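Student: No letters, just coordinates:
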């Protein structure tokens with residue numbers, strides 16, 4: 001019996017090659033996309049779940065209710081760690097984590113490897129396996145250094161690294177450290193990554209600021225005691241903060257801050273490590289929005305559903321073409337269960353064939369996916385038992401959705417009605433139109449979303465930042481401690497080049513450079529009874545001229561003024577307002593009472609030192625020979641930028657020999673800031689294209705079946721005088737109507753969803769009416785083009801031939 005079912009299935013597939021092809025290709029494309037999307041989502045949700053103590057690991061952050069909403073800060077002072085451990089509040093272990101540079105020397109080999117300063121509790125807290133050395137005591141001494149497996153191979157090749165001395169650059173000075181352990185490389189799904197680990201006490205500022213609660217610079221992670229909880233520890237941290245760093249309610253209220261639910265103006269809170277990847281604010285910009293992951297997951301499910309709807313519509317349509325076969329089978333004794341089993345078996349086989357094709361497609365496209373969307377997925381993840389279970393469940397679910405209902409319709413037809421040709425198709429027509437509406441709702445919503453996301457990306461990328469980006473080149477300086485010297489030498493070498501207008505340097509890059517590094521420097525101090533908070537930027541001479549900022553008052557840093565070498569600063573308007581001084585130019589103030597006063601020599605408009613994801617905060621620009629400069633900036637004429645870049649590269653290689661040149665234009669750096677929006681726009685555009693193609697394929701197949709079923713009706717209409725144009729319009733109208741309904745449903749959904757998404761941006765576009773008009777026009781045009789071919793073909797057919805055969 002089953003052999004006979006299989007033969008019948010193959011004959012039917014051969015007989016209806018076009019519809020079988022539409023089903024298999026549509027489902028295979030949907031499976032391919034869904035598998036790649038599900039792999040990406042699975043990887044994202046696996047972040048930081050490999051740690052054994054993951055449920056007890058938290059990141060400490062500051063929380064304030066500011067005048068413009070919640071303010072979260074991750075910078076913690078040195079004494080915070082020891083206070084959490086000694087005050088007996090339920091914290092078992094704690095570690096500060098801070099980036100400390102990227103220089104390593106071994107014999108005559110110098111490498112760029114990232115150095116993180118941590119405390120002795122780091123390795124016992126986190127599950128980074130140690131393959132050489134003792135994990136418990138790896139950072140027991142301040143002279144110890146721990147290497148990742150990759151770093152050890154780069155430094156020592158095949159040598160045994162344990163016990164060997166290397167020189168590591170920390171706080172712009174070289175420290176000789178002994179390798180105490182080698183840890184496995186951090187997995188790709190880890191929020192914490194490192195090449196080298198050294199002790200916090202090695203930082204240059206530690207001796208001076210180890211008891212300073214106002215110097216906030218490091219991330220702080222804690223592991224709670226087994227008998228403790230997040231809520232309990234947060235409650236005890238309230239008292240700890242009041243003891244060591246109390247806030248003045250009068251001043252905080254004056255500055256526009258509000259108390260939280262506990263009545264505190266400032267508070268320390270805990271955020272779980274397993275959720276850190278989904279919080280861009282607390283992960284220092286390295287995380288992704290969890291809502292975006294759910295949206296991507298939803299897109300994968302919707303694409304699969306569109307293919308299922310095609311399957312349902314085509315199968316129901318074809319089942320009526322097989323009505324006589326089914327009627328004869330029932331007359332010969334076939335029961336409803338047998339008819340359903342045969343129909344469902346055929347549907348399941350097509351789904352299985354599509355899944356296998358989809359798996360092959362996913363395997364072939366995984367590298368392209370990783371390149372296009374910066375995804376780290378691997379095809380080996382498919383063989384994870386959990387994911388195999390999801391695939392099996394998806395196959396069964398899709399088979400039942402796509403084949404279960406059509407099979408039930410077919411098996412439920414009455415034998416007498418089938419043989420007389422009197423069965424009712426009205427219900428199937430309503431279902432067909434309903435599924436077409438659902439398909440085009442998804443497609444139209446994705447088209448709207450793609451346009452809005454792309455517009456937002458263009459807005460962020462092209463918005464004025466307050467400084468010049470198009471003709472400025474930024475060059476990462478390897479030895480930042482000699483930054484001023486390197487910038488000065490570069491300035492001298494380029495002085496006679498007519499293509500170069502100005503040279504300067506900064507401690508932080510403008511945008512995200514080719515080195516991929518980013519840094520933030522913030523300070524807070526009290527002035528006239530109120531708090532002052534500002535970001536900091538170290539710079540060299542001619543900084544304003546180089547990046548094209550005109551001062552509102554005062555001047556740029558200049559070598560002509562001997563006083564600009566140490567304590568002169570340039571401030572932005574926002575900082576000037578915080579200082580609340582009538583004549584700010586020439587004004588001196590003390591951010592740190594242990595250091596000399598700073599004198600304001602210039603005031604500039606607020607500008608975006610960081611991306612448009614956050615507002616332009618107050619900023620102080622300093623010029624001090626002791627502050628490192630990590631980047632050289634060169635302003636050029638834009639006549640021949642590529643040739644000028646080559647010339648600068650040749651000169652820089654002589655200024656800092658042996659360093660890989662990673663210069664880039666600032667406008668390119670700015671675009672890298674918005675990589676997530678760009679990738680999201682690309683994801684939506686690809687998804688919208690696939691949804692439109694699948695919906696179009698389904699509409700084409702349904703139109704083909706429908707015109708075949710109405711051959712006799714069309715012939716009679718033509719004999720009675722109906723024109724070919726009138727018949728074509730009648731057929732097309734029946735399919736365009738559900739598309740119009742779909743667009744009317746999709747527009748408010750898209751407007752609501754995109755409005756919610758845009759609320760996450762400080763600076764955002766307005767959603768214009770033409771977006772919805774363009775979407776409606778595109779969807780209706782696609783429907784007309786898809787159906788019109790079959791409609792015209794049916795309308796032009798010879799009525800005598802169709803009536804004779806029918």
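Tutor: Nice, I can see it. Computed from a predicted model, the values in this text were never measured in an experiment.
Student: Give me the mean pLDDT for the helix or strand where residue 738 lies.
Tutor: Residue 738 is located in helix 724-758, with elements delineated by DSSP states H and E. Model confidence over helix 724-758 averages 85 on the pLDDT scale.
Student: Pretty sure residue 486 is one of the things residue 477 touches, is it not?
Tutor: Yes - assessed by CB atoms under 8 Å, residue 477 is found in contact with residue 486 at 5.5 Å. No exception for glycine: its C-beta is placed from N, CA and C like everyone else's.
Student: Mind listing the shared neighbours of the two?
Tutor: Residues touching both residue 477 and residue 486 by CB atoms under 8 Å, 6 or more residues apart in numbering: 505, 629, 632, 656.
Student: Now render the residues you listed as JSON lines, adding neighbour count, secondary structure and pLDDT.
Tutor: Converted to JSON lines, the shared contacts of residue 477 and residue 486 look like this (neighbours: other CB atoms under 10 Å; DSSP: H, G, I helix; E, B strand; the rest coil; pLDDT from 0 to 100):
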{"residue": "505", "neighbour count": "30", "secondary structure": "strand", "pLDDT": "93"}
{"residue": "629", "neighbour count": "26", "secondary structure": "coil", "pLDDT": "88"}
{"residue": "632", "neighbour count": "27", "secondary structure": "strand", "pLDDT": "93"}
{"residue": "656", "neighbour count": "19", "secondary structure": "coil", "pLDDT": "87"}
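Student: Closest one to residue 265 out of the residues you listed, please.
Tutor: residue 629 (36.8 Å; CB to CB).
Student: Quick check, the closest one in contact with residue 478.
Tutor: No - using CB under 8 Å, residue 629 makes no contact with residue 478, being 11.5 Å away.
Student: Which strands and helices lie in contact with the helix holding residue 738?
Tutor: helix 426-462, helix 675-709, helix 711-719, helix 769-796 (3 or more CB pairs under 8 Å, 6 or more residues apart in numbering; DSSP states H and E).
Student: Buried residues, stretch 550-563. List them.
Tutor: For stretch 550-563, burial by neighbour count (16 or more other CB atoms under 10 Å) applies to 553, 554, 556, 557.
Student: Filter the residues you listed down to the ones in strands?
Tutor: When DSSP state E defines the strands, the subset of the buried residues of stretch 550-563 inside them is 553, 554.
Student: wait, residue 592 sits on residue 525?
Tutor: Yes - with contacts counted by CB under 8 Å, residue 592 reaches residue 525, the gap being 7.1 Å.
Student: Who has more neighbours out of residue 477 and residue 486?
Tutor: residue 477 (27 against 23; other CB atoms under 10 Å).
Student: Residue 688: how many residues sit nearby?
Tutor: Neighbours of residue 688 using other CB under 10 Å come to 23.
Student: got the contact list for it?
Tutor: 443, 446, 447, 449, 450.
Student: can you tell me how far it sits from residue 553?
Tutor: Distance of residue 688 to residue 553, computed by CB to CB, to the nearest Å: 51 Å.
Student: Please apply the same query to residue 684.
Tutor: From residue 684 to residue 553 the distance is 46 Å (CB to CB).
Student: try residue 176
Tutor: Taken as CB to CB, the span from residue 176 to residue 553 is 48 Å.
Student: Now do the buried residues in stretch 186-196.
Tutor: 186, 189, 190, 191, 192, 194, 195, 196.
Student: Reformat those residues as a markdown table; add pLDDT.
Tutor: What follows is the buried residues of stretch 186-196, written out as a markdown table (pLDDT from 0 to 100):
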| residue | pLDDT |
| --- | --- |
| 186 | 90 |
| 189 | 86 |
| 190 | 89 |
| 191 | 88 |
| 192 | 90 |
| 194 | 91 |
| 195 | 92 |
| 196 | 94 |
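Student: Tell me which two in those are the farthest apart.
Tutor: 189 and 196 (21.1 Å).
Student: so who does the nearest residue to residue 630 once chain neighbours are set aside touch?
Tutor: Closest residue in space to residue 630, ignoring its immediate chain neighbours: residue 480 at 4.4 Å, by CB to CB, 6 or more residues apart in numbering. Shown in contact with residue 480 (CB under 8 Å, 6+ apart): 101, 172, 507, 628, 629, 630.
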